[in-house]
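Novice: output the structure for:
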Amino acid sequence: MKNYEIELNDKLYHLPELKTKTVDGKRHYVTPEGNHYPSITTVLSPRGKEGLMKWRKRVGEKTANYICNKAATRGTKVHKMCEDWLNEDFSRETWDKHKKDFLPYTLFNELKNQKFEYITDVYAQEVTLYSDKYKLAGRVDLIANYAHQLSIVDFKTSTNERKDSYNENYYIQTAAYAEMFEEMTGTPINQIVILVVTENGTVQEFVKEKHEYIPLLEETLEEWYN
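Specialist: Take a look at the predicted model:
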């Protein structure tokens, strides 16, 4: 099993790259001990689903699928650009390719120009984490210092600006990553950060404390396992 090395506070941590497995149609991660833990996104997927189903019914399945697929593609491309930039991959070949995706490239630049100055000391990107305590796993976007505080950072794209209340699942997700990281390394992460860039170029920053969302995480897991 491949390991990802993180150097933090003069210590070296080895985080395993977990394989995924589909169980009952849902994504799970396989831990080094052979446990199968659901991904945090899978566990959170039923939350707020009623509103999503009403929207799909209102606009029609064909339109809903088109919008969702477009959003997913846009988000994946912006995520990749963020990853490459923070990995200091400034090669002409990489960015000539990215520039061909005009909208994602434009959104990435808005995000970078407005918020990347607050990101320092990148420790890890796209690493898998898991928790035996919560029986949960997932893949985190970024672990870095944000505004001089060790943070879990998640990048999001959106068609329109988001209200704070719309982000509850994101806060639970990033709080879960913080809990997993602390369990695996002994290093606490208390700050969670959601950075959103919309199609009109607006960049939104949401900074929260992990502990606010642990009760919601535990409640969601209890419902899932019951």
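
Novice: only C-alpha atoms from now on, for both contacts and neighbour counts.
Specialist: Will do.

Novice: which positions within the lengthiest strand in the chain qualify as buried?
Specialist: In the chain, with assignment by DSSP state E, the single longest strand is strand 119-131. The neighbour-count check on strand 119-131 (16 or more other Cα atoms under 10 Å) flags Ile119, Thr120, Val122, Ala124, Gln125, Val127, Thr128, Leu129, Tyr130, Ser131 as buried.

Novice: residue ranges for the helices of this structure, please.
Specialist: Taking DSSP state H as the criterion, the chain contains helices spanning 40-44, 49-59, 61-86, 92-99, 102-115, 168-185, 214-225.

Novice: just name the most buried of these.
Specialist: Ranked by mean neighbour count, the helices of the chain are led by helix 168-185 with a mean of 22 (mean count of other Cα atoms under 10 Å).

Novice: tally of neighbours for Ser151?
Specialist: Around Ser151 there are 26 other residues, counting by other Cα atoms under 10 Å.

Novice: that one against Thr187, yeah?
Specialist: No - applying Cα atoms under 8 Å as the test, Ser151 and Thr187 come out as separate, 11.3 Å apart.

Novice: helix or strand with the lowest mean pLDDT in this structure?
Specialist: helix 49-59 (a mean of 74; mean pLDDT, DSSP states H and E).

Novice: contact partners for Lys156?
Specialist: Gly75, His79, Ile194, Leu195, Val196, Val197 (Cα atoms under 8 Å, 6 or more residues apart in numbering).

Novice: touching, the second one and Asp154? I think so.
Specialist: So the one you mean is His79. No - His79 is beyond contact range of Asp154, at 9.2 Å (criterion: Cα under 8 Å).

Novice: rewinding a little: make JSON lines from the buried residues of strand 119-131 and add pLDDT and distance to Lys62 to it.
Specialist: Shown next, in JSON lines, are those (pLDDT from 0 to 100; distance: Cα to Cα, whole Å):
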{"residue": "Ile119", "pLDDT": "98", "distance to Lys62": "39"}
{"residue": "Thr120", "pLDDT": "94", "distance to Lys62": "42"}
{"residue": "Val122", "pLDDT": "95", "distance to Lys62": "40"}
{"residue": "Ala124", "pLDDT": "94", "distance to Lys62": "38"}
{"residue": "Gln125", "pLDDT": "95", "distance to Lys62": "34"}
{"residue": "Val127", "pLDDT": "95", "distance to Lys62": "34"}
{"residue": "Thr128", "pLDDT": "96", "distance to Lys62": "33"}
{"residue": "Leu129", "pLDDT": "97", "distance to Lys62": "35"}
{"residue": "Tyr130", "pLDDT": "98", "distance to Lys62": "36"}
{"residue": "Ser131", "pLDDT": "98", "distance to Lys62": "38"}
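
Novice: between those residues, which is closest to His36?
Specialist: Relative to His36, the closest of the buried residues of strand 119-131 is Tyr130; by Cα to Cα it sits at 10.2 Å.

Novice: show me what the closest residue to the closest one other than its chain neighbours bridges to in the sheet.
Specialist: Of all residues not flanking Tyr130 in the chain, Ala137 sits nearest, at 3.9 Å (Cα to Cα, 6 or more residues apart in numbering). Bridge pairing for Ala137 (DSSP bridges) gives the partners Ser39, Tyr130.

Novice: list the contacts of Ala137.
Specialist: His28, Tyr29, Tyr37, Pro38, Ser39, Ile40, Thr128, Leu129, Tyr130, Ser131, Met180.

Novice: mind redoing it with 7 Å?
Specialist: Tyr29, Tyr37, Pro38, Ser39, Ile40, Leu129, Tyr130, Ser131 (Cα atoms under 7 Å, 6 or more residues apart in numbering).
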